[in-house]
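**Student:** Have a look at this fold, sequence not included:
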C-alpha cells in the first residue's frame, strides 16, 4: 500500500458504504446535454477523478481533436462554462459522465442486474453489462461523433406528443420515418428538412411538437452513410469478462445475449430506438427500482409512464445532484426512503494492515484498487474530538499512537503516512 496515493482528505476502508442490488440502470441519450452543464461528481471523489482522467487519456492517445474543451467541461464543477461544446464533444461528455456515475454507484454497493440505454446511452449500458470495454466504447464514440460532424446535415428529428399508431399514415404520406419510441404518447420522427416541415404543417394544432437541435436524423435511413462507415471501422471491439448484468437492447427490445460488434452499432444508428418497449422488458424482470443516470435526467416522465404499470419506483441520479459523489448518494438514498425502500448501510469498518488496526471511520465514498483488492476512501469532514487525538501507544500491538491535534487535511495526511510507516515499515 503506497500512502502517497492517498488524497489529502482521504482515509482507506475495507468495505463499500451500501449493500443494494437488484436494480436497473437507465442511461440517457444526447438530448440530456445543455451548455454549462458541469460534472460535480469530481467533488471529494478520487475514484471519479481517476475514472474521468482515464477516459481522457484514452482519447488523448488517439489525438481526439476536441480533447481540450471536453476536459474543461468535465472539470467545470461550478457550471461556469456557457458556450456549448462541439457536437462531438457533447457525445463524449455524456458518455464519460454517465459511465463515471454508474461505476461510482456500483463501487458504493448500488449494483444493477439490468441496464438499458436510450440512443447514445446504449453505449454506456453496453460497457456496464460487459459488452464493451470503456476503451472500445470511447474509440467507437469518438469515431461516430466525428463522422457525424463531417457529414453535417443528414436530416432532422421532430418530437411529437402522439402515439406511433396515430401518425403512421402521415409518416408514409410525407416520407418521414419513425426514429424513437419514448413512451406510448411520445414519438420522435426523422426526415429531410422539407419532409419534417411538411409533416409539421399538417399536424393537429393540439399535438405538441418540438424540433430537436440536431443535424442528423439518428436512427433512420438518413444516417446510413455514417452507419456504413462505422461498420468499416478498423478496430476490434473488446469486451470485459462475462457479466451477470443483463443488457436490454433498444434495437431489439429484448435481452441481448450476442456480441455488440461493429455491425450491431451500425444497425443501432440506422434503426429505430424502441425505448418504451425496452423499459417494459426491464419491468418484466421486476427490479426493486429503476435508477436513471445522466448529466441531466430528462427521461423520467417517459420511464414513469411505462414503469407505473408495474408499480416499479424510479430514482434519478444526475451528475449535479448534491455536492459531489457524497451528495449524489445521499440524494439517491433520500429518494429511495421516500418510496419506502430501505438501503442497507454498512457499519463503520476498521482497516487492518498486517493485522494492525489502523483507524475506524464511517465509510462512504469512493473506491480505489490496492493490490487487486477494493478499498474505500472516506473523506474526513468532521472535527475529531480532542480526546481521540492524543492517546499514548500501549503495549497492545493493535493500538496506535496518534499525533497532536489534527487541524487540516495536510495534518491528516501526515498522520496517516506516519501511522502506516511506523506500523508497516513503509517508506
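**Tutor:** That came in fine, so what should we check first? Just so it is clear, the structure is predicted and the values come from calculations on it, not from any experiment.
**Student:** Skipping its backbone neighbours, what lies nearest residue 211 in space?
**Tutor:** Across the structure, with Cβ to Cβ, 6 or more residues apart in numbering as the measure, the residue nearest residue 211 apart from its sequence neighbours is residue 158 (5.3 Å). No exception for glycine: its C-beta is placed from N, CA and C like everyone else's.
**Student:** show me the contacts for that neighbour.
**Tutor:** Taking Cβ atoms under 8 Å, 6 or more residues apart in numbering, we find residue 158 in contact with 176, 188, 189, 190, 191, 196, 199, 200, 209, 210, 211, 212.
**Student:** Just the buried residues from those residues, in PyMOL please.
**Tutor:** Here is the PyMOL command that selects the buried residues among the contacts of residue 158 (16 or more other Cβ atoms under 10 Å):
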select buried, resi 176+188+189+190+191+196+199+200+212
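**Student:** hang on, residue 34 packs against residue 296?
**Tutor:** Yes - using Cβ atoms under 8 Å, residue 34 is in contact with residue 296, at 6.3 Å.
**Student:** Tell me which of the two has more neighbours.
**Tutor:** Counted by other Cβ atoms under 10 Å, residue 34 and residue 296 do not tie: residue 296 has more neighbours, with 16 against 11.
**Student:** need the helices for the stretch 1-150 of the chain, in chain order.
**Tutor:** Assigned helices in the stretch 1-150 of the chain, in chain order: 46-61, 67-74, 87-107, 121-128, 134-151 (criterion: DSSP state H, counting those that start in this stretch).
**Student:** Burial-wise, tell me which of those comes out on top.
**Tutor:** Looking across these with neighbours counted as mean count of other Cβ atoms under 10 Å, the highest average goes to helix 121-128: a mean of 28.
**Student:** what comes into contact with that one?
**Tutor:** Contacts of helix 121-128 with the rest of the structure, by Cβ under 8 Å, 6+ apart, involve 25-29, 94-95, 98-99, 102-103, 106, 112, 115-117, 132-134, 137, 140-141, 240, 245, 247-251, 260, 265, 268, 273, 293-294.
**Student:** change it to 6 Å
**Tutor:** Residues lying outside helix 121-128 but in contact with it, judged by Cβ atoms under 6 Å, 6 or more residues apart in numbering, are 27-29, 95, 98-99, 102, 115-117, 132, 134, 137, 141, 250, 260.
**Student:** mind listing what residue 67 touches?
**Tutor:** Going by Cβ under 6 Å, 6+ apart, residue 67 touches 59, 60.
**Student:** Run through the neighbouring helices and strands of the longest strand that the chain contains.
**Tutor:** Once the chain is assigned using DSSP state E, the strand that runs over the most residues is strand 18-27. Here strand 18-27 is seen to pack against strand 110-117, helix 121-128, strand 289-294 when contacts are counted using 3 or more Cβ pairs under 6 Å, 6 or more residues apart in numbering; DSSP states H and E.
**Student:** So for stretch 190-203, mean pLDDT?
**Tutor:** Mean pLDDT, stretch 190-203: 94.
**Student:** Show residues contacting that stretch.
**Tutor:** With contacts defined as Cβ under 6 Å, 6+ apart, stretch 190-203 is touched by 155, 156, 157, 158, 174, 175, 176, 177, 179, 209, 217, 220.
**Student:** picking that back up, which of the contacts of residue 158 fall within helices?
**Tutor:** Of the positions in these, 196, 199, 200 sit in helices, assigned by DSSP state H.
**Student:** Make CSV out of those and add distance to residue 315.
**Tutor:** As requested, the ones in helices among the contacts of residue 158 are exported to CSV (distance: Cβ to Cβ, whole Å):
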residue, distance to residue 315
196, 35
199, 36
200, 35
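**Student:** If we only consider those residues, which is nearest to residue 317?
**Tutor:** Taking Cβ to Cβ as the measure, residue 317 lies nearest residue 196 of the ones in helices among the contacts of residue 158, at 33.3 Å.
**Student:** how near is the closest one to residue 273?
**Tutor:** Shown here: residue 196 relative to residue 273, a distance of 18 Å by Cβ to Cβ, to the nearest Å.
**Student:** and what of residue 313?
**Tutor:** Looking at residue 313 against residue 273, where the rule is Cβ to Cβ, the gap reads 24 Å.
**Student:** more neighbours, the two?
**Tutor:** Here residue 313 and residue 273 are set side by side on neighbour count (other Cβ under 10 Å), and the busier one is residue 273, at 27 against 18.
**Student:** The most centrally placed residue in the chain: what's it in contact with?
**Tutor:** The structure's the chain has its C-alpha centroid closest to residue 98; by Cα atoms, centre = their mean the separation is 1.9 Å. Neighbouring residues of residue 98 by Cβ under 6 Å, 6+ apart: 27, 124, 293.
**Student:** those strands in the stretch 201-350 of the chain, which residues are they?
**Tutor:** Here the stretch 201-350 of the chain has its strands, by DSSP state E, counting those that start in this stretch, at 209-211, 246-249, 254-255, 289-294, 314-318, 344-345, 349-353.
**Student:** looking at those, which is closest to residue 53?
**Tutor:** The stretch from the strands of the stretch 201-350 of the chain with the least distance to residue 53 (Cβ to Cβ) is strand 289-294; that distance is 19.8 Å.
**Student:** hang on, the earlier thing: sort out which one of the contacts of helix 121-128 lies nearest residue 63 for me.
**Tutor:** When these are compared for distance to residue 63 (Cβ to Cβ), residue 141 wins out at 15.2 Å.
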